[in-house]
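Asker: Requesting a structural model of the entry that follows:
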Amino acid sequence: MAFKANAAGRHHIPKQKRKVTNWAAHDAGLRQRGSLTVWFTDEAIAAWRAAPRTTRGGQPWPG
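Answerer: Purely as a prediction, here's the structure:
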């Protein structure tokens, strides 16, 4: 019964307060909110190297 002790303090997804009437605008807003564009220069990609591993395990590092 320990799992019920803190049931009120757990995170719950709140119920929707308003009904969506304009689904086209709602969907467009969700798409716009999730949009992320990142640009990398060729110099940044060429200089992007991981530090060599000093411990065992993981993927081999080409040296």
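
Asker: which helices and strands does the lengthiest helix in the chain pack with?
Answerer: Ranked by number of residues, the top helix in the chain under DSSP state H is helix 23-33. Counting contacts by 3 or more Cβ pairs under 8 Å, 6 or more residues apart in numbering; DSSP states H and E, helix 23-33 packs against no other helix or strand. (Each C-beta comes from the backbone N, C-alpha and C, glycine too.)

Asker: how far out from the middle of the chain is whichever helix or strand comes after that helix?
Answerer: Read in the C-terminal direction, the helix or strand following helix 23-33 is helix 42-47, with elements assigned using DSSP states H and E. When C-alpha coordinates are averaged (Cα atoms, centre = their mean, to the nearest Å), helix 42-47 and its chain have centres 25 Å apart.

Asker: shaky segments in the protein?
Answerer: Low-confidence segments of the chain (pLDDT under 70): 1-3, 58-63.
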